[in-house]
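Undergrad: Fold the following and give me the result.
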Amino acid sequence: MAAAGGGYMSDYDVFPLRTSEEYTKHNNTFLPNDGFFTVHSIVPGSNGSGIPCLMSGNTEEWEKMAFKIVENGAAHPKERMWSDMFALMDLRHQNLQKELFHWEDNVIPGQDVLLGKFWSKEDCPRTKNYQAVHFSHDAIFNGKTTNFNSKLNKEAGDNERANWNKINVRATIIQKWFFMW
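TA: Model (predicted):
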């Protein structure tokens with residue numbers, strides 16, 4: 001993102017909840033927090049433990065954070081796997097005053113919108129203050145999808161195998177939710 005001139009970056013399973021007109025005004029001249037690096041999703045109740053599914057920043061901020069994340073990974077050589085998510089979780093301890101990065105909670109977890117029923121007007125306030133929805137593996141695993149009447153729900157019911165099967169048809173579940181929403 002630093003080489004691209006800054007901006008937003010999201011995981012492939014994060015979907016916007018606003019119109020394209022609302023996002024076009026958010027370019028490098030109008031990034032949130034004046035272009036300061038921002039993590040838009042956090043672990044619930046964590047006080048800033050970032051989930052790097054939606055992030056934004058100007059060129060300088062992306063470069064700064066790229067180096068911080070690599071340095072953080074190098075500081076954990078004995079870890080079998082160290083990701084950008086683990087690095088952001090670790091870096092929050094150095095970020096108590098939000099001088100390294102800003103964090104916000106404006107990405108709703110997918111399980112909070114997979115209600116097991118058809119979306120109604122009464123459900124719309126659930127997404128009102130959010131920019132995006134994150135349909136992570138965990139969200140699909142824990143979300144209620146029985147309203148989609150998919151073959152997997154009929155065959156497997158609500159057991160462990162059904163949850164793993166839901167992950168395999170994640171794209172279909174997401175698509176059906178968006179058409180319903």
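
Undergrad: Could you find the closest non-adjacent residue to G5?
TA: Nearest non-adjacent residue to G5, counting by Cβ to Cβ, 6 or more residues apart in numbering: T59, 5.6 Å away. Just so you know, the C-beta spots here come from the backbone N, C-alpha and C atoms, and that holds for glycine as well.

Undergrad: For the one you found, give me the pLDDT.
TA: For T59, the pLDDT comes out at 96.

Undergrad: what number of residues lie near it?
TA: T59: 16 surrounding residues under other Cβ atoms under 10 Å.

Undergrad: Does it touch G6 like I think?
TA: Yes: here T59 lies in contact with G6, judged by Cβ atoms under 8 Å, at a distance of 4.4 Å.

Undergrad: circling back to that earlier point, show me the contacts for the residue nearest to G5.
TA: T59 sits next to 1-2, 5-6, 28 when contact means Cβ atoms under 8 Å, 6 or more residues apart in numbering.

Undergrad: Among those, name the buried ones.
TA: Buried by 16 or more other Cβ atoms under 10 Å: 1-2, 6, out of the contacts of T59.

Undergrad: what about dumping the CA coordinates of the longest helix anywhere in the chain to CSV?
TA: For the chain, the helix with the greatest residue count under DSSP state H is helix 59-74. The C-alpha trace of helix 59-74 is given here as CSV (Å, rounded to 0.1, in the frame of the first residue of the first chain):
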residue,chain,number,x,y,z
THR,A,59,2.0,6.3,2.1
GLU,A,60,4.2,7.2,5.1
GLU,A,61,2.0,5.5,7.6
TRP,A,62,1.8,2.2,5.5
GLU,A,63,5.6,2.3,5.2
LYS,A,64,6.0,2.9,9.0
MET,A,65,3.7,0.0,9.9
ALA,A,66,5.2,-2.4,7.3
PHE,A,67,8.6,-2.0,9.1
LYS,A,68,7.0,-2.2,12.6
ILE,A,69,5.2,-5.5,11.7
VAL,A,70,8.4,-7.0,10.1
GLU,A,71,10.4,-5.9,13.2
ASN,A,72,7.8,-7.4,15.5
GLY,A,73,7.9,-10.7,13.6
ALA,A,74,11.7,-10.8,13.8
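
Undergrad: From the chain's centroid, how far away is that helix?
TA: 19 Å (Cα atoms, centre = their mean, to the nearest Å).

Undergrad: residues of it that come out buried?
TA: So for helix 59-74, counting by 16+ other Cβ under 10 Å, buried means 59, 61-65, 68-69, 72-73.

Undergrad: can you check stretch 44-54 too?
TA: By neighbour count on 16+ other Cβ under 10 Å, the buried set for stretch 44-54 is 48-54.

Undergrad: Among those residues, which one lies nearest to H134?
TA: H134 has its nearest neighbour among the buried residues of stretch 44-54 in C53, at 4.8 Å by Cβ to Cβ.

Undergrad: so what's the closest one scoring on pLDDT?
TA: C53 is assigned a predicted lDDT (pLDDT) of 93.
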